[in-house]
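Peer 1: only geometry, no sequence info:
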């Protein structure tokens with residue numbers, strides 16, 4: 001009998017020693033240590049270590065004191081599972097912290113057995129995982145928000161008729177909206193990850209876009225263009241597109257986003273409009289030319305010479321018919337510009353003689369203003385005399401319109417390097433600074449010009465003519481004392 005007890009005694013000591021070492025390890029590595037009764041009804045001991053409130057005596061209401069109400073049922077279920085199979089209890093759940101706030105713990109408890117193999121108690125340890133859970137919740141929320149934004153963006157991208165897409169830096173499509181997939185007649189799986197050629201672009205078209213993608217990547221700036229492309233269902237269409245750089249956190253281009261709009265109908269409508277304007281203007285010009293000729297004949301007739309009233313009426317009629325002719329010429333030039341049919345026919349001519357002819361015509365046409373024209377030495381210009389005359393006449397006509405009767409309008413011409421600079425200055429009302437940058441836009445008219453006739457195409461046509469000659473046109477200065485318009489021509 002004694003020998004048996006002596007045999008068992010060392011085992012008890014070894015078990016006790018191992019248990020003590022285990023408890024020491026748990027105490028050293030855990031934020032919370034606790035001991036539960038075999039049936040888990042009583043918490044015998046709890047070292048909360050400022051995370052949870054310590055127990056000063058055994059507790060039977062420990063669930064309501066420590067466990068968050070929303071997780072109490074989950075804790076009970078996990079306890080029942082552990083008790084049923086005498087296995088390790090393990091659970092992540094919320095707790096009521098010592099400071100009254102809500103925290104998270106990862107709790108584990110192992111069964112401690114007596115000599116008969118029955119559970120004597122449960123020894124548990126828990127780690128504070130509050131920050132980890134908060135990070136997980138924040139990540140989950142961010143993911144939900146991201147998914148929501150993605151759904152919103154995809155809804156927008158897929159509901160627009162515009163084509164939206166993204167290239168990687170190897171010219172492959174990494175995104176395409178439904179409109180673009182429909183235009184290609186392809187599915188997402190068949191198109192994404194593929195290059196331009198694989199998605200049906202002709203070689204010249206693919207090479208052009210590849211150069212543009214390289215340009216965007218190098219300059220980090222957007223680029224815009226216009227191109228024709230066959231639609232799978234609608235045939236050949238005209239598209240306006242823009243490529244924009246997508247920058248990463250380091251400010252480097254990591255992709256190129258594109259948006260393309262079908263402007264075929266707009267182009268066709270513009271062409272119809274230009275054809276109509278050109279046709280009507282041409283038809284109006286013929287009878288107006290005849291009318292002007294008849295008025296000039298009448299002006300030279302004997303009744304006109306002897307009757308001041310008749311002479312004055314004829315002079316004003318001729319002036320207005322010329323003004324209408326200039327307006328019609330403006331519309332014709334606009335129609336030709338937009339249809340690509342306005343040609344600049346250059347030839348050498350002496351600008352000094354040319355300007356003298358304009359001076360004589362201007363003084364005859366506008367008798368109520370004082371005009372000063374320069375006497376310049378002969379200088380040869382290679383240009384279209386008719387169209388350059390239209391530019392100068394337009395600037396002079398505008399100076400007349402925006403100047404008081406009797407005021408002075410000065411034209412000057414100087415050689416600056418290899419450029420001839422022509423200026424037209426008036427003593428008119430001036431132009432607000434915020435409007436100067438818009439003056440040469442098509443159909444733009446100043447905010448204070450409602451009482452002055454015009455369609456806002458004269459300066460636009462002037463700019464196209466001067467740029468077609470390799471020159472520039474601009475407003476040099478403008479105050480309430482008058483304005484100065486300038487343009488240059490290569491000598």
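Peer 2: Looks like it came in fine. Just so it is clear, the structure is predicted and the values come from calculations on it, not from any experiment. Residues are numbered from 1 along each chain as shown.
Peer 1: where exactly do the helices run in this protein?
Peer 2: Counting by DSSP state H, one finds helices in the chain at the ranges 2-29, 62-66, 72-85, 130-159, 178-184, 188-191, 203-219, 264-299, 302-306, 308-338, 351-365, 385-401, 433-436, 458-468.
Peer 1: which one of these lies closest to residue 255?
Peer 2: Residue 255 lies closest to helix 203-219 among the helices of the chain, at 9.4 Å (CB to CB). Quick note: C-beta positions are derived from backbone N, CA and C, even for glycine.
Peer 1: Pull out the buried positions in the closest one.
Peer 2: 206, 209-210, 212-213, 215-217 (16 or more other CB atoms under 10 Å).
Peer 1: now the residue nearest to residue 399 when sequence neighbours are not counted: how far from residue 361?
Peer 2: In this structure, residue 399 finds its nearest non-sequential neighbour in residue 426, 3.8 Å apart by CB to CB, 6 or more residues apart in numbering. Residue 426 is 18 Å from residue 361, where distance means CB to CB, to the nearest Å.
Peer 1: who's more crowded, those two?
Peer 2: More crowded of residue 426 and residue 361, by other CB atoms under 10 Å: residue 426, with 26 against 14.
Peer 1: what's near enough to touch the more buried one?
Peer 2: Applying CB atoms under 8 Å, 6 or more residues apart in numbering to residue 426 gives the contacts 399, 402-403, 407-410, 482-484.
Peer 1: Could you rerun that using 6 Å?
Peer 2: 399, 403, 409, 482-483 (CB atoms under 6 Å, 6 or more residues apart in numbering).
Peer 1: The residues you listed: which two are farthest apart?
Peer 2: 409 and 483 (10.6 Å).
Peer 1: How about residue 167, nearest residue that isn't a chain neighbour?
Peer 2: residue 256 (4.6 Å).
Peer 1: now the one you found, which residues is it bridged with?
Peer 2: On the basis of DSSP bridges, residue 256 takes part in beta bridges with residue 167, residue 245.
Peer 1: isn't it right up against residue 216?
Peer 2: Yes - if you go by CB atoms under 6 Å, residue 256 and residue 216 touch, sitting 5.1 Å apart.
Peer 1: and for those two, which residues touch both?
Peer 2: residue 243.
Peer 1: one step back: please identify which of the helices of the chain is closest to residue 417.
Peer 2: Going by CB to CB, the one of these nearest residue 417 is helix 351-365, 15.8 Å.
Peer 1: Could you list the low-confidence segments of the protein?
Peer 2: 1-29, 146, 149-159, 231-232, 271-286, 329-342, 443-456 (pLDDT under 70).
Peer 1: Could you list the domains of it?
Peer 2: When the chain is parsed with automatic domain parsing, its domains come out as 2-128, 160-262, 266-342, 343-491.
Peer 1: mind putting those domains in a markdown table, distance to residue 138 included?
Peer 2: Shown next, in a markdown table, are these (distance: least, CB to CB, whole Å):
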| stretch | distance to residue 138 |
| --- | --- |
| domain 2-128 | 13 |
| domain 160-262 | 20 |
| domain 266-342 | 48 |
| domain 343-491 | 48 |
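Peer 1: Which of those domains sits closest to residue 144?
Peer 2: domain 2-128 (19.5 Å).
Peer 1: so how far is that closest one off the chain centroid?
Peer 2: 61 Å (CA atoms, centre = their mean, to the nearest Å).
Peer 1: Measure how buried residue 238 is and give me the count.
Peer 2: A count of nearby residues for residue 238, using other CB under 10 Å, gives 16.
Peer 1: Make sure it is actually in contact with residue 264.
Peer 2: Yes - with contacts counted by CB under 6 Å, residue 238 reaches residue 264, the gap being 4.6 Å.
Peer 1: can you pull up the bridge partners for the residue nearest to residue 59 when sequence neighbours are not counted?
Peer 2: Distances taken as CB to CB, 6+ apart place residue 43 nearest to residue 59, at 4.6 Å, with adjacent residues excluded. Going by DSSP bridges, residue 43 is paired in beta bridges with residue 36, residue 59.
Peer 1: which of the contacts of residue 426 has the most neighbours?
Peer 2: Most neighbours among the contacts of residue 426, by other CB under 10 Å: residue 399, with 27 neighbours.
Peer 1: residues in contact with that residue?
Peer 2: Neighbouring residues of residue 399 by CB under 6 Å, 6+ apart: 409, 424, 426.
Peer 1: Next, format the contacts of residue 426 as JSON lines and append distance to residue 172.
Peer 2: Output for those, formatted as JSON lines (distance: CB to CB, whole Å):
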{"residue": "399", "distance to residue 172": "57"}
{"residue": "403", "distance to residue 172": "61"}
{"residue": "409", "distance to residue 172": "61"}
{"residue": "482", "distance to residue 172": "59"}
{"residue": "483", "distance to residue 172": "53"}
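Peer 1: Now flag whichever of these is closest to residue 249.
Peer 2: residue 483 (49.0 Å).
Peer 1: Contact partners for that closest one?
Peer 2: Residue 483 touches 426, 430-431, counting by CB under 6 Å, 6+ apart.
Peer 1: can you rerun that using 10 Å?
Peer 2: Counting by CB atoms under 10 Å, 6 or more residues apart in numbering, residue 483 makes contact with 395, 398-399, 402-403, 424-431, 436, 439, 475-477.
Peer 1: Residue 482 now?
Peer 2: 399, 402-403, 407-410, 425-431.
Peer 1: Just the buried subset of these, please.
Peer 2: 399, 402-403, 407, 409-410, 425-431.
Peer 1: right, and out of those, which lies closest to residue 66?
Peer 2: Nearest to residue 66 among these, with distances taken as CB to CB, is residue 431, at 79.4 Å.
Peer 1: What about the closest one? Give its phi and psi, please.
Peer 2: In this entry, residue 431 is assigned phi and psi values of phi -130, psi 130 (degrees, to the nearest 10).
Peer 1: Cross-check the contact I'm expecting between it and residue 474.
Peer 2: No - using CB atoms under 10 Å, residue 431 is not in contact with residue 474, being 12.0 Å away.
Peer 1: Find the residues that touch each one of the two.
Peer 2: 439, 485.
Peer 1: check contacts around residue 427.
Peer 2: Counted by CB under 10 Å, 6+ apart, residue 427 has contacts 369-370, 399, 402-404, 406-410, 481-483.
Peer 1: Please produce TSV containing those residues, extended by distance to residue 144.
Peer 2: Supplementary listing: the contacts of residue 427 in TSV, determined by distance: CB to CB, whole Å:
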residue	distance to residue 144
369	73
370	76
399	66
402	62
403	67
404	69
406	75
407	71
408	73
409	70
410	71
481	64
482	64
483	60
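Peer 1: Strands - which of those land there?
Peer 2: The members of those that map onto strands under DSSP state E are 370, 408-410, 482-483.
Peer 1: rewinding a little: and the residue nearest to residue 399, how far from residue 440?
Peer 2: For residue 426, the distance to residue 440 - CB to CB - is 17 Å.
Peer 1: now for the ones in strands among the contacts of residue 427, which pair is the farthest apart?
Peer 2: Using CB to CB, the two most remote members of the ones in strands among the contacts of residue 427 are 370 and 483, lying 16.5 Å apart.
Peer 1: And residue 170, how far from residue 423?
Peer 2: For residue 170 relative to residue 423 (CB to CB), the value is 53 Å.
Peer 1: Neighbour count: the two, which is higher?
Peer 2: Using other CB under 10 Å, the more surrounded residue of residue 170 and residue 423 is residue 423, with 17 against 9.
Peer 1: give me the beta-bridge partners of the more buried one?
Peer 2: So, taking DSSP bridges as the rule, residue 423 has residue 412, residue 486 as bridge partners.
Peer 1: What is the burial count for residue 311?
Peer 2: 16.
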